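Q: the following comprises the amino acid sequence and a computationally predicted model.
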Amino acid sequence: MDSKTIEELCLNNWQPLSTLLYDGWVLRFANGYTKRANSINPIHYSTLELDEKIEQCEQMYAAHSLPAIYRISPFVHPAHLDQVLEEKGYITFDRSIVKAVKLDGVKQPDQHQARIDETLTAEWLGHFFRLSQTPENYKSVMERMLSNINTTKGFISLFAEGQVVACGLGVIERDYIGLFDIVTDVQFRNRGYGEQMILHLLQWGKEKGAAYSHLQVLANNEPALRLYSKIGYSDMYQYWYRVKA
């Protein structure tokens, strides 16, 4: 499992509405839905003067009525960018951990009823917005973002007591399955449904040829960290965001 490969997959597997390459930096735009899809990813070498480049990025995001948010990973260029942004008044938020697991060591799921669709359905989208309590006005944006993913997708719904109690998304690229939008109904948490949903999704990924899995989780999300450790995920690297105070 290679961290640089996983970083590339994280960008590919969660698509914005549009992307602008600016002197080695990847600028992503998605009408403000999710930080990942509306952030600056400085992952390639820069040639322009840094202060001017940061100012230009602020102007480009302001033109979209968005703040300039930087995603700072171990792979940023230039290496001292995080320090420069701090000196310019950019604060850190949402420190996150990228985790990965080799699938041959993951246990089989139990016999819960799960459905995996390989194309997005209105039913899955409705369940996700209900369970995650995401504002409905983002539905059309998310639908367009998901349609921009050009590799194999699996939209999973887990049923219990006659209803969908958990859902999520798996994206397969190369020999990895990335997990996104993992959510369990608040009334059904701490009962093992989230774990079973993930195990079903990983089993589907193995059947599709995946050998590894990766995901991203907030560093302060203790319940999720415990769950992913139980399944077998281990830390690969951390990243965080910076935005002007």
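A: Sure thing, it's come through.
Q: in terms of helix, strand or coil, where does L85 fall?
A: Recorded secondary structure, L85: helix (DSSP: H, G, I helix; E, B strand; the rest coil).
Q: next, count neighbours for it.
A: Close neighbours of L85, defined as other CB atoms under 10 Å, add up to 23. Every residue, glycine included, has its C-beta placed from N, CA and C.
Q: how much space separates it from I91?
A: 9 Å (CB to CB, to the nearest Å).
Q: quick check: neighbours shared by the two?
A: R242 (CB atoms under 8 Å, 6 or more residues apart in numbering).
Q: pretty sure L11 is in a helix, no?
A: Yes - counting by three-state DSSP, L11 is found in a helix.
Q: would you confirm that it contacts V26?
A: Yes - L11 lies in contact with V26 (CB atoms under 8 Å); the separation is 6.9 Å.
Q: phi and psi next, for the residue lying closest to Y138 once chain neighbours are set aside.
A: Spatial nearest neighbour of Y138, excluding adjacent residues (CB to CB, 6 or more residues apart in numbering): Y33 at 4.8 Å. Backbone torsions for Y33, taken as degrees, to the nearest 10, come to phi -90, psi 110.
Q: what's the pLDDT at Y33?
A: Model confidence at Y33, given as pLDDT, is 93.
Q: what of T151?
A: 96.
Q: distance check, it against L66.
A: 27 Å.
Q: now find how far off-centre stretch 102-110 is within its chain.
A: The chain centre lies 22 Å from the centre of stretch 102-110; the measure is CA atoms, centre = their mean, to the nearest Å.
Q: contacts for that stretch, please.
A: 1, 177, 196, 199-200, 202-203, 205-206, 210-213, 231-232.
Q: which members of the residues you listed are positioned in strands?
A: Within the contacts of stretch 102-110, residues falling in strands by DSSP state E are I177, Y212, S213.
Q: could you dump those residues to a markdown table with distance to S46 and pLDDT?
A: Below are the ones in strands among the contacts of stretch 102-110 laid out as a markdown table (distance: CB to CB, whole Å; pLDDT from 0 to 100):
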| residue | distance to S46 | pLDDT |
| --- | --- | --- |
| I177 | 33 | 98 |
| Y212 | 31 | 98 |
| S213 | 32 | 97 |
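Q: could you turn the buried ones of those residues into a PyMOL selection?
A: Selection of buried members from the ones in strands among the contacts of stretch 102-110 for PyMOL, criterion 16 or more other CB atoms under 10 Å:
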select buried, resi 177+212+213
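Q: flag every buried residue along the longest helix anywhere in the chain.
A: Secondary structure of the chain per DSSP state H: the longest helix is helix 193-207. Burial within helix 193-207, assessed by neighbour count using 16+ other CB under 10 Å, is assigned to 193-205.
Q: distance of the spatially most central residue of the chain from V243?
A: Residue closest to the average C-alpha location in the chain (CA atoms, centre = their mean): F180, at 5.2 Å. Distance, F180 to V243, using CB to CB: 22 Å.
Q: kindly report the same for F188.
A: In terms of CB to CB, F188 sits 34 Å off from V243.
Q: outline the domain layout of this structure.
A: Following automatic domain parsing, the chain resolves into domains at 3-95, 101-239.
Q: strands along this protein, start to end?
A: 18-22, 25-29, 40-41, 70-72, 90-102, 113-117, 152-160, 163-173, 176-184, 212-218, 234-244.
Q: the longest one to strand 212-218, inter-axis angle?
A: Our comparison of strand 90-102 with strand 212-218, counting by axes from the mean of the first three to the mean of the last three CA atoms, to 10 degrees, yields an angle of 150 degrees.
Q: also the second one?
A: Note on geometry: by the same axes, to 10 degrees, strand 25-29 and strand 212-218 are set 70 degrees apart in direction.
Q: likewise the last one?
A: Computed by the same axes, to 10 degrees, the angle separating strand 234-244 from strand 212-218 equals 40 degrees.
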